[in-house]
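# Next come a sequence and a model predicted from it.
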Amino acid sequence: QVQLAESGGGLVQVGGSLRLSCVASGSIFSISSMEWYRQAPGKQRDRVATITSGGATNYADSVKGRFTISRDNAKNTVYLQMNSLKPEDTAVYYCRTVAASGATAPLRQYWGQGTQVTVSS
């Protein structure tokens, strides 16, 4: 099993910055993509950013130019640097990864518990 633990959320004013972290732990053989999603109250969970094992990145249009995803493979950690935050960025942010827990284990997706980000005006 793989566990994900997010941290770094909080309350920030419009235009401010936050850096989220997500650490993967447990029985990890390999990690493929790592992603950040977010879910605002009453809305569906949407993908925010993706980073592949090779470091290629992809962003939702709503965060391009403001958010940066990165990863430290040695630490099994993915980060989300969020700048120029807006009230519409308020949501619970979730980490998701696709990983294998053993050499012959299939790739599975795993989710973290989420961390709240609130942007106040």
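Done, it's in. The shown structure was predicted, so the numbers you read here are calculated from the model rather than taken from an experiment.
# so who does the residue nearest the centre of the chain touch?
Nearest to the geometric centre of the chain sits residue 36, at 2.7 Å (CA atoms, centre = their mean). Contacts of residue 36 were listed using CB atoms under 8 Å, 6 or more residues apart in numbering, and they are 20, 22, 47, 48, 49, 69, 78, 80, 93, 94, 95, 96. Yep, even glycine has a C-beta here, placed from its N, CA and C like the rest.
# Pick the one among these closest to residue 5.
residue 22 (6.9 Å; CB to CB).
# Who does the closest one form a beta bridge with?
According to DSSP bridges, the partner residues bridging residue 22 are residue 6, residue 78.
# wait, doesn't it sit right on residue 3?
No - using CB atoms under 8 Å, residue 22 is not in contact with residue 3, being 10.5 Å away.
# Settle it for me: which of those two has more neighbours?
Using other CB atoms under 10 Å, the more surrounded residue of residue 22 and residue 3 is residue 22, with 25 against 13.
# isn't there a strand covering the residue nearest to the centre of the chain?
Yes - secondary structure of residue 36 (DSSP: H, G, I helix; E, B strand; the rest coil): part of a strand.
# What's opposite it in the beta bridge?
With DSSP bridges as the criterion, residue 36 is bridged to residue 49, residue 95.
# where does it land on pLDDT?
For residue 36, the pLDDT comes out at 98.
# who's in contact with residue 31?
Listed by CB under 8 Å, 6+ apart, the contact partners of residue 31 are 24, 53, 73, 76, 97, 98, 99.
# can you list contacts of the strand or helix carrying residue 58?
In this assignment (DSSP states H and E), residue 58 forms part of strand 57-59. Outside strand 57-59, the residues that touch it by CB under 8 Å, 6+ apart are 48, 49, 50, 51, 67, 68, 69.
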